[in-house]
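> I would like to see how this sequence folds:
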Amino acid sequence: MLKKITVVVALISAFSLNVLNAQGEDKKMTPTQVLQQVLKDPTNPEKVKPLVAPDFTYVSLNYENKDLQKVLPWTGTHKGYEGITETFKGVNKYWSVDKFEPQATFDDGENVAMFGSFTLTSKTLKKTRTSPFAIFAKVKDGKLTYFQYMEDTVATIDTFKTGGTWKFKANPDGGDVEF
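Prediction:
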C-alpha cells in the first residue's frame with residue numbers, strides 16, 4: 001500500500017511540475033513585452049534592473065556628442081541599467097512629458113523596434129514640441145541587452161533656446177540657412 005501511495009505522490013508531483021513549467025513558459029515575456037515593461041516605469045531602478053542584462057548598453061540620441069551633452073547631459077552611450085533610469089530622470093527634470101504614444105512595435109527574434117511620438121514642455125521656458133521617436137532594442141533570455149533611442153533633437157532642444165540664431169550650410173548649391 002505504501003508503494004502505491006508513493007507512486008501516486010510521485011505522479012502528482014511530476015504532473016504539478018509539468019503544469020508549473022508550462023505556466024512559467026506561458027508567463028515568459030516576449031521581447032516586445034520586455035521593452036514595454038521597461039518603458040512603463042523607466043525611472044524606477046527596482047522595475048528596470050531585473051529586465052536588463054549585466055552587460056547592457058544604452059545609447060541616448062547619439063554615441064557621444066560633447067556639445068549636445070552641454071544641453072542634455074544624459075546623452076551618449078552608457079553601460080548598465082542606470083543609463084535608462086538616469087536618462088528618464090533627466091528628461092523628467094528638464095521637461096513635462098505631456099504625451100508618449102507608441103504607435104507600432106515589432107520584434108524579430110531578439111530585435112525589437114518601436115515607433116511613435118511624444119510631446120514635451122520645457123520646465124524652464126514652457127515651450128512645447130512634438131517629436132517622432134524610434135527605439136531599437138535587443139532582448140536575449142528575457143533581458144534587454146541593448147537599447148538605442150532616437151528623436152528629433154533639433155525640436156526638443158529648441159524648447160530651451162533663449163536667443164540667437166542657428167546658421168547652417170547643407171546644400172552644396174545653396175547658401176546658408178539661418179533660424
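> residues contacting Leu144?
Contact analysis of Leu144 by Cβ atoms under 8 Å, 6 or more residues apart in numbering lists Val34, Leu35, Val38, Leu51, Val52, Ala53, Phe56, Ala137, Lys138. (Each C-beta comes from the backbone N, C-alpha and C, glycine too.)
> and the gap between the residue nearest to Leu61 when sequence neighbours are not counted and Asp67?
Distances taken as Cβ to Cβ, 6 or more residues apart in numbering put Thr75 closest to Leu61, at 4.6 Å, once the chain neighbours are dropped. Taking Cβ to Cβ, to the nearest Å as the measure, Thr75 falls 10 Å from Asp67.
> can you give me the strands in this structure?
Ranges of strands within the chain are 52-60, 76-79, 95-108, 111-122, 128-140, 143-151, 167-168, 177-178, based on DSSP state E.
> Tabulate the ones you listed in a markdown table, adding columns for mean pLDDT and distance to Pro42.
A markdown table is the format used below for those (pLDDT from 0 to 100; distance: least, Cβ to Cβ, whole Å):
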| stretch | mean pLDDT | distance to Pro42 |
| --- | --- | --- |
| strand 52-60 | 97 | 10 |
| strand 76-79 | 96 | 13 |
| strand 95-108 | 97 | 10 |
| strand 111-122 | 98 | 13 |
| strand 128-140 | 98 | 11 |
| strand 143-151 | 98 | 10 |
| strand 167-168 | 92 | 33 |
| strand 177-178 | 90 | 35 |
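> how many other residues sit next to Val48?
23 (other Cβ atoms under 10 Å).
> repeat for Glu46
The burial count for Glu46: 8, using other Cβ under 10 Å.
> Return the residues in contact with it.
So Glu46 contacts nothing (Cβ under 8 Å, 6+ apart).
> Out of the strands of the chain, flag the one nearest Thr30.
Thr30 lies closest, by Cβ to Cβ, to one member of these: strand 95-108, at 6.4 Å.
> so Arg129 bridges to which residues?
Leu120 (DSSP bridges).
> from memory it sits against Leu120, does it?
Yes. Look at Arg129 against Leu120 with Cβ atoms under 8 Å: they come within range, at 6.1 Å.
> which residues do these two both contact?
By Cβ under 8 Å, 6+ apart, Arg129 and Leu120 have these common neighbours: Thr156, Thr159.
> between those two, which one's more packed in?
Leu120 (22 against 19).
> Next, the buried residues of stretch 34-53.
Val34, Leu35, Gln37, Val38, Leu39, Pro42, Val48, Lys49, Leu51, Val52, Ala53 (16 or more other Cβ atoms under 10 Å).
> who touches the second one in this structure?
To tie it back to what came earlier, the one meant is Leu35. Leu35 touches Thr105, Val112, Met114, Ile135, Ala137, Val139, Leu144, Phe147, counting by Cβ under 8 Å, 6+ apart.
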